[in-house]
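K.L.:
need a 3D model of the following:
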Amino acid sequence: METAPERVASQGDITAEIVGIAAEYQRAGVEEAQPRLDYPPYRSSVLRHPRYPLQGVDPEEIERWAPCFGHQDVAPLDADLTAGHPGEPIGQRIIVTGRVLDESGRPAAGQLIEIWQANASGRYRHQRDQHPAPLDPNFTGVGRCLTGPDGTYRFLTVKPGPYPWRNHHNAWRPAHIHFSVFGTAFTQRVVTQMYFPGDPLFDLDPFFQSIVDPAARQRLIATYDHEVTQPEYATGYRWDIVLSGSCRTPTEGGADDG
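P.N.:
Here you go, the predicted structure:
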């Protein structure tokens, strides 16, 4: 006897779950500034966090196996995602800049920042991304830089497009850029995402909504900055990353959809 196929949740179903969780959060009156690791509207979140006690490790042993970021030092052009190809990438050029700070507002200098993102059509240059959007031969979507003495970073790139992600029927992610910040040791790495102001997909996205505190979610949204914008060339966005304290930037805690 054949069983009926499992029903795929609609956007309406997911939105209703998001609204219900938000209402429960408001009634609880307890602040949650970081993403929930297990957030039912984000269907695979149950598989994206540890289910067993963590094991203690020797930090010095880990450092012996730290990753290698390349055969040379970080170069200035590494922060220009529009360079290094035969032609110009397709899409709206943008400048993304900001500072990496601690909870007291002190700059974190010399920190390695890596970013990765979809292209202007909303597609990653990755073999697992096969949705029917065009790849751009002049855009790989990855960059890196070191923060300056005042904690400043700066990237030149193109604005990424939204993309489907199959969490539920007709599911789309808001446009975003992934950020990875390394501290003084590999175990201090944090991963987060930066979003763009006014995106209509915010309320529909369970990944973004897994940060149930509205004020904490706002800390992931960049601000358009006309002083950063370059005439007839690129629009500018400013976004600071706070590593600790009550205003800490929400981080993914190991969950990463990109």
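K.L.:
residue ranges of the helices in the stretch 101-250 of the chain, please?
P.N.:
Along the stretch 101-250 of the chain, counting by DSSP state H, counting those that start in this stretch, helices occupy 206-209, 214-218.
K.L.:
list just the one of the ones you listed that sits closest to A118.
P.N.:
Distance to A118, taken as C-beta to C-beta, is lowest for helix 206-209 among those, at 14.0 Å. C-beta here means a position set from N, CA and C on the backbone, and glycine is covered the same way.
K.L.:
list of residues touching the closest one?
P.N.:
Residues outside helix 206-209 that contact it (C-beta atoms under 8 Å, 6 or more residues apart in numbering) are 14, 17-18, 21-22, 39, 41-43, 167, 173-174, 195, 202-203, 217, 220, 257.
K.L.:
and if you look at stretch 117-137?
P.N.:
When contacts are defined by C-beta under 8 Å, 6+ apart, stretch 117-137 is touched by residues 81, 85-87, 89-92, 116, 139-141, 157-164, 175-178, 258.
K.L.:
please repeat the previous calculation with a cut-off of 10 Å.
P.N.:
81, 85-93, 96, 116, 138-143, 155, 157-166, 172-173, 175-179, 193-194, 258 (C-beta atoms under 10 Å, 6 or more residues apart in numbering).
K.L.:
tell me which residues of that stretch come out buried.
P.N.:
117-124, 133, 136 (16 or more other C-beta atoms under 10 Å).
K.L.:
from the centroid of this structure, which residue is nearest?
P.N.:
Nearest residue to the geometric centre of the chain (C-alpha atoms, centre = their mean): Q193, 1.9 Å.
K.L.:
so what pairs up with that one in the strands?
P.N.:
Note on Q193: beta-bridge partners H178, judged by DSSP bridges.
K.L.:
same thing with V100?
P.N.:
Beta-bridge partners, per DSSP bridges, of V100: I241.
K.L.:
measure it to V242 for me?
P.N.:
8 Å (C-beta to C-beta, to the nearest Å).
K.L.:
which residues do the two both contact?
P.N.:
Contacts common to V100 and V242, judged by C-beta under 10 Å, 6+ apart, are 108, 249.
K.L.:
these two: which is more packed in?
P.N.:
The neighbour comparison of V100 against V242 (other C-beta atoms under 10 Å) goes to V100, with 25 against 19.
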